[in-house]
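>>> below: sequence and its predicted model.
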Amino acid sequence: MASTHSFSANTLAGDLCLANARLVLPDRVITGALTITQGTISDITEGDTVPTDAMDCAGDLVLPGLVELHTDNVERHIEPRPGVDWPHLPALLAHDAELASTGITTVFDAMRVGSIHNGKGRYIDYARSLANELLAARAEGLFKISHFLHLRAEICSETLLEELATFGPEDRVGIVSLMDHTPGQRQFRDMVAMKNYVTKKRHMGDAEFTAHVENLRGLQARFGAKHEAGAVAEAGRLGAVLASHDDTTTAHVATSADNGVGFAEFPTTVEAAQACHDSGIAVMMGAPNLIRGVSHSGNVAAHDLAKANLLDIVSSDYVPSALLLSAFRLAEIWDDLPRAVATVTRNAARAARLTDRGTLQVGMRGDVLRVGAFDRTPLLRGVWCQGNKIG
């Protein structure tokens, strides 16, 4: 996938040199200096010398900007409370600024496609109009960081294929993920956990929840096979990476492999994660799961997959600041900082077919972070996107 720049050519920063830093390279950590010229890493040298006009990092870490493949954060900004519609452009700008402040320099903004208009599900289509505003803001250079589209294809819906048809290759959709939230399977195989989650989020009573479950099961029976096959085809038409969501069994993973899935979002069991690895499908887990030590849905704990060497990519999911923290938690588990950092940089970029970012190497985008630490907590001391300081 070609790069989508946050800054136009005439606004790219001049030389920036971060010196006397511990540079997190793909395979090791060295003390050295990193220079960015016109938005691109132009030089990496070893040693603690601080050249004239360089920034003395005083031994802080310097690592690549974080790459986020799946975040619900934009939806939180456009609907800060259930039923509250917030103006989209201010919401997008606030979302962008929040991610920049946490060290995320590339994001795939997840937007639901597939709505329910029968009064039982409260899903109303919004993705096309929101994408239009996001793409217009990106073209105007209004964002601090690099934004791409991630379409969350809701299988249990009425209008999935119609909504997907409104997108074209010119939108440069990066990811299409297959989301099957049918009650009683995948993420929601634990019906008690599902009821607790849904009724609190949507303020449903028992009768409303029962109707919601029956409706979703009916939609899956009517549209499930058609929507899954159609979404796979649409991902191919759009040139997007296809992702699975909440694979639970080896049968789920076998279907994902047959569909050409590139990475698996949040597999719910060790069995599924192992099958993904056996099938060459990268495994992504949520940072909140890793930090808390448990899934909020009662599924497999991310740290268990990490200890079993079945974790490749981490997503901030619903807590943007968790992404950087998760890399440091993984470094403790693996005793390998470069490997841990790769889960939130290089591995994510590769899964999304981005070849110009995710590592500290000459010729890569100048998306970098300066990070200190206090009491096991990373302290973000600087964020640069294409050499421009944004945080």
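Yep, that arrived.
>>> contact partners for the nearest residue to residue 35 once chain neighbours are set aside?
Distance criterion CB to CB, 6 or more residues apart in numbering; nearest residue to residue 35, sequence neighbours excluded, is residue 43 at 4.1 Å. To be clear about C-beta, it is placed using only N, CA and C from the backbone, and glycine gets the same treatment. The contact partners of residue 43, taken as CB atoms under 8 Å, 6 or more residues apart in numbering, are 33, 34, 35, 37, 362.
>>> A strand includes residue 43, no?
Yes. Residue state for residue 43 (DSSP: H, G, I helix; E, B strand; the rest coil) corresponds to a strand.
>>> got the contact list for residue 113?
Taking CB under 8 Å, 6+ apart as the criterion, residue 113 is in contact with 125, 127, 151, 152, 153, 154, 160, 163, 164.
>>> now do the SS call for the third one.
In other words, residue 151. Secondary structure assignment for residue 151 (three-state DSSP): strand.
>>> that one touches residue 171, doesn't it?
No. If you go by CB atoms under 8 Å, residue 151 and residue 171 don't touch, sitting 9.2 Å apart.
>>> tell me which of those two has more neighbours.
residue 151 (30 against 19; other CB atoms under 10 Å).
>>> what are the ranges of the strands in the stretch 251-391 of the chain?
Using DSSP state E, counting those that start in this stretch, the strands of the stretch 251-391 of the chain run over 263-265, 282-286, 313-315, 368-374, 377-385, 388-389.
>>> out of these, which gets nearest to residue 29?
Proximity to residue 29, assessed across the strands of the stretch 251-391 of the chain by CB to CB, is greatest for strand 368-374 (11.9 Å).
>>> so what does the closest one touch, helix or strand wise?
Counting contacts by 3 or more CB pairs under 8 Å, 6 or more residues apart in numbering; DSSP states H and E, strand 368-374 is packed against strand 16-24, strand 61-64, helix 322-334, strand 377-385.
>>> so which of these is the most packed in?
The highest mean neighbour count among the helices and strands packed on strand 368-374, using mean count of other CB atoms under 10 Å, belongs to strand 61-64: a mean of 26.
>>> thinking again about what came up before, tabulate the helices and strands packed on strand 368-374 (TSV), appending distance to residue 236.
Formatted as TSV, the helices and strands packed on strand 368-374 follow (distance: least, CB to CB, whole Å):
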stretch	distance to residue 236
strand 16-24	36
strand 61-64	30
helix 322-334	29
strand 377-385	31
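>>> could I get the ones you listed as a markdown table with distance to residue 258 and mean pLDDT?
Listed next are the helices and strands packed on strand 368-374 as a markdown table, based on distance: least, CB to CB, whole Å; pLDDT from 0 to 100:
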| stretch | distance to residue 258 | mean pLDDT |
| --- | --- | --- |
| strand 16-24 | 37 | 98 |
| strand 61-64 | 33 | 98 |
| helix 322-334 | 31 | 97 |
| strand 377-385 | 38 | 97 |
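>>> out of those, which gets nearest to residue 180?
helix 322-334 (25.1 Å).
>>> against which helices or strands is that closest one packed?
If you count contacts as 3+ CB pairs under 8 Å, 6+ apart, helix 322-334 packs onto strand 66-71, helix 287-292, helix 302-307, strand 313-315, helix 337-342, strand 368-374, strand 377-385.
>>> switch the cut-off to 7 Å
strand 66-71, helix 287-292, helix 302-307, helix 337-342, strand 377-385 (3 or more CB pairs under 7 Å, 6 or more residues apart in numbering; DSSP states H and E).
>>> and the fourth one, average pLDDT?
For helix 337-342, mean pLDDT rounds to 98.
>>> please apply the same query to stretch 281-294.
For stretch 281-294, the mean pLDDT works out to 96.
>>> continuing past the worst-scoring helix or strand of the chain on mean pLDDT, what's the next helix or strand?
Within the chain, no helix or strand scores below helix 191-202, which has a mean of 64 by mean pLDDT, DSSP states H and E. Heading C-terminal from helix 191-202, the first helix or strand you meet, by DSSP states H and E, is helix 206-238.
>>> now the strands for the stretch 1-150 of the chain?
Going by DSSP E, counting those that start in this stretch, the stretch 1-150 of the chain shows strands at 16-24, 29-37, 40-46, 55-56, 61-64, 66-71, 104-113, 146-154.
>>> tell me which of those strands lies nearest to residue 274.
Once these are compared by CB to CB, strand 66-71 is nearest, at 21.2 Å.
>>> now do stretch 158-174: distance from first to last residue.
Stretch 158-174 has an end-to-end distance of 23 Å (criterion: CA to CA, to the nearest Å).
>>> got the contact list for the closest residue to residue 389 other than its chain neighbours?
In this structure, residue 389 finds its nearest non-sequential neighbour in residue 382, 6.6 Å apart by CB to CB, 6+ apart. Going by CB atoms under 7 Å, 6 or more residues apart in numbering, residue 382 touches 369, 370, 389.
>>> in the sheet, who's paired with residue 382?
In this structure, residue 382 bridges to residue 370 when assessed by DSSP bridges.
>>> how close does it get to residue 270?
Residue 382 is 38 Å from residue 270, where distance means CB to CB, to the nearest Å.
>>> residue 315 contacts residue 66, correct?
No. Residue 315 is beyond contact range of residue 66, at 10.2 Å (criterion: CB atoms under 7 Å).
>>> hey, what's in contact with both of the two?
Contacts common to residue 315 and residue 66, judged by CB under 7 Å, 6+ apart, are absent.
>>> picking that back up, let's have the strands of the stretch 1-150 of the chain in JSON lines, adding distance to residue 83.
Formatted as JSON lines, the strands of the stretch 1-150 of the chain follow (distance: least, CB to CB, whole Å):
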{"stretch": "strand 16-24", "distance to residue 83": "44"}
{"stretch": "strand 29-37", "distance to residue 83": "45"}
{"stretch": "strand 40-46", "distance to residue 83": "45"}
{"stretch": "strand 55-56", "distance to residue 83": "47"}
{"stretch": "strand 61-64", "distance to residue 83": "39"}
{"stretch": "strand 66-71", "distance to residue 83": "22"}
{"stretch": "strand 104-113", "distance to residue 83": "16"}
{"stretch": "strand 146-154", "distance to residue 83": "19"}
